[in-house]
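S.K.: need a structure here:
(one chain, ligands or ions: 1)
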Amino acid sequence: MAADPLDLLDLDSLLSDEERDIRALARRVADDRVRPSVADWYENGTAPVRDLALEFGKLGLLGMHLTGYGCTGASAVAYGLTCMELEAADSGVRSLVSVQGSLAMFAIWSFGSAEQKRRWLPGMAAGELIGCFGLTEPDHGSDPANMSTRARRDGDDWVLNGGKMWITNAPLADVAVIWARTDEGVAGFAVPTDTPGFSAREIKHKMSLRASSTGEISLDDVRLPADAQLPGARGLKAPLSCLTEARFGIIWGSLGAARDCLQVALDYASTREQFGRPLGGFQLTQAKLADMALEVQKGFLLALHLGRLRDSAGSLRPEQVSIGKLNNVREAIKIARQCRTILGGNGISGEYPIMRHANNLESVLTYEGTSEIHQLVIGQKLTGLNAFAN
Ligand SMILES: Cc1cc2nc3c(=O)[nH]c(=O)nc-3n(C[C@H](O)[C@H](O)[C@H](O)COP(=O)(O)OP(=O)(O)OC[C@H]3O[C@@H](n4cnc5c(N)ncnc54)[C@H](O)[C@@H]3O)c2cc1C
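M.R.: Numbering: from 1, shown residues only. Purely as a prediction, here's the structure:
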């Protein structure tokens, strides 16, 4: 019997039964709920985010690696496998889950007051409330330390002014975690999106991540009570710790997109004939397939190693997460492009998922730290020299 072409190293044997069960659950919801419609969502630039959130919430997939407040308390590896299965269907759908769980919920869970946690987390875990995470600004993406959004005290209240750009889920969010500069440094706020002065408009004309809602937020004298501030968040390291969390899911998710491309290319190469034989029978095609299978397996080993480290140590160092994100997203996008060539003209068609994955991975390459930023994180660790600013 031919080996599973996507698991030549028998890496499945490294997973526990429970991990395989959670993966099967995520694969099932991706197959049943996402795959049949995602090409249309992508083409139309819409996705039923609220319906999906409710379904994912029912299955315990939102904030699944957190504990309490209705969260599942799953392992990091189980969470990673879930991201992989969702992104094998579409990066936009995985982004919904990542932003909800690893950015918005994680920020409140880590830095919020007991009252903030009670108010927001159970509804977010159930998918009844949608959260977003506003760090990036029109003029400050890679350098959030220079953010312009300000929060000033007015009596006991806070008043926020500024703007956030490229914020996933913002147009339909119920709560926005907003990062702003105060006289004491960067602070975080849980902002109910019906607060006067808060508005979010959908960013149109995206050529990537089209089955995901992305918005631009305006904060125009948004007045908040003192207890909207996340009391545990002090300085930029608070939002950066949330990014480390979300990057972990991307390490796995990007691999899911790559795996899906490889699976499709493999199937295609075994049936499409040119010069009287299947494409897969040509040495050049086999070289492509072999190299891609290698990278998918190596990427999985890297993800699994980081997941096991996280599960045993409780956290990962930023440069460890940077190694995972840099490698797996960079390889995933190469694989998507290579698979595209195997499908020839059909590779550019929305009838197949490859071009959608390739386009989505352009966003994944950019958000949660671009490849260049991760190279700088690793470079700083290697040399002890900070090359960010010049
Ligand atoms: C679809 C999508 C969804 C997103 N969702 C969210 C979200 O939910 N919340 C959120 O806060 N943000 C979100 N983002 C924003 C994302 O995190 C930023 O786009 C990203 O951090 C890059 O910032 P920028 O676009 O301003 O690019 P810039 O920072 O302007 O970078 C442009 C280029 O310059 C390079 N560069 C920058 N600085 C350096 C340097 N020091 N050395 C070398 N090269 C450098 C970068 O690597 C990049 O190639 C999202 C983005 C997209 C596309």
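S.K.: residues touching the residue in the chain positioned nearest to the ligand, list them.
M.R.: Among the residues of the chain, Gly141 lies closest to the ligand, at 1.9 Å counting by C-beta to the nearest ligand atom. Where C-beta positions appear, they are placed from N, C-alpha and C, glycine not excepted. Contacts for Gly141 (C-beta atoms under 8 Å, 6 or more residues apart in numbering) come out as 165-166.
S.K.: so which bits of the stretch 251-390 of the chain are right by the ligand?
M.R.: 363, 366-367, 370, 372-373, 388 (C-beta under 6 Å from any ligand atom).
S.K.: only whichever of the residues you listed are buried, select them in ChimeraX.
M.R.: To isolate the buried ones among these in ChimeraX, judged by 16 or more other C-beta atoms under 10 Å, type:
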select :363,366,367,370,373
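S.K.: now the residues of the stretch 251-390 of the chain next to the ligand as TSV including pLDDT and secondary structure?
M.R.: As requested, those are exported to TSV (pLDDT from 0 to 100; DSSP: H, G, I helix; E, B strand; the rest coil):
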residue	pLDDT	secondary structure
Ser363	98	helix
Thr366	98	helix
Tyr367	98	coil
Thr370	98	coil
Glu372	97	helix
Ile373	97	helix
Phe388	86	coil
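S.K.: next, format the residues of the stretch 251-390 of the chain next to the ligand as JSON lines and append distance to Thr149.
M.R.: Output for those, formatted as JSON lines (distance: C-beta to C-beta, whole Å):
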{"residue": "Ser363", "distance to Thr149": "22"}
{"residue": "Thr366", "distance to Thr149": "21"}
{"residue": "Tyr367", "distance to Thr149": "18"}
{"residue": "Thr370", "distance to Thr149": "21"}
{"residue": "Glu372", "distance to Thr149": "24"}
{"residue": "Ile373", "distance to Thr149": "20"}
{"residue": "Phe388", "distance to Thr149": "21"}
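S.K.: what about the stretch 251-390 of the chain, any weak spots by pLDDT?
M.R.: Low-confidence segments of the stretch 251-390 of the chain, defined by pLDDT under 70: 390.
S.K.: go through the chain and flag its longest helix.
M.R.: helix 237-271 (DSSP state H).
S.K.: which strands and helices sit next to that helix?
M.R.: helix 76-89, helix 91-98, helix 106-111, strand 185-192, strand 277-278, helix 283-313, helix 318-342, helix 354-366 (3 or more C-beta pairs under 8 Å, 6 or more residues apart in numbering; DSSP states H and E).
S.K.: tell me which residues of stretch 183-191 are tucked away?
M.R.: Those would be 186-191, for stretch 183-191 by 16+ other C-beta under 10 Å.
S.K.: same check, this time on stretch 121-128
M.R.: Under 16+ other C-beta under 10 Å, the buried positions of stretch 121-128 are 121, 123-127.
S.K.: and for stretch 312-331?
M.R.: 316, 318, 320-331.
S.K.: tabulate the residues you listed (TSV), appending distance to Ile348.
M.R.: Shown next, in TSV, are the buried residues of stretch 312-331 (distance: C-beta to C-beta, whole Å):
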residue	distance to Ile348
Leu316	37
Pro318	37
Gln320	37
Val321	33
Ser322	32
Ile323	32
Gly324	30
Lys325	27
Leu326	27
Asn327	27
Asn328	24
Val329	22
Arg330	22
Glu331	21
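S.K.: name the nearest residue to Ala358, sequence neighbours excluded.
M.R.: Nearest residue to Ala358, sequence neighbours excluded (C-beta to C-beta, 6 or more residues apart in numbering): Ala336, at 3.8 Å.
S.K.: rewinding a little: out of the buried residues of stretch 183-191, the closest to Gly232 would be?
M.R.: Gly188 (8.7 Å; C-beta to C-beta).
S.K.: which residues touch the closest one?
M.R.: Gly188 neighbours (C-beta under 8 Å, 6+ apart): 107, 111, 177-180, 229-230, 233, 238-239.
S.K.: next one: Gly73
M.R.: Applying C-beta under 8 Å, 6+ apart, the residues near Gly73 are 64-67.
S.K.: go on, Asp157?
M.R.: Counted by C-beta under 8 Å, 6+ apart, Asp157 has contacts 223-226.
S.K.: which of those sits closest to Met165?
M.R.: Leu224 (20.8 Å).
S.K.: secondary structure element for the residue nearest to the closest one when sequence neighbours are not counted?
M.R.: The shortest distance from Leu224 to any non-neighbouring residue, by C-beta to C-beta, 6+ apart, is to Trp158 (4.7 Å). For Trp158, the host element (DSSP states H and E) is strand 157-168.
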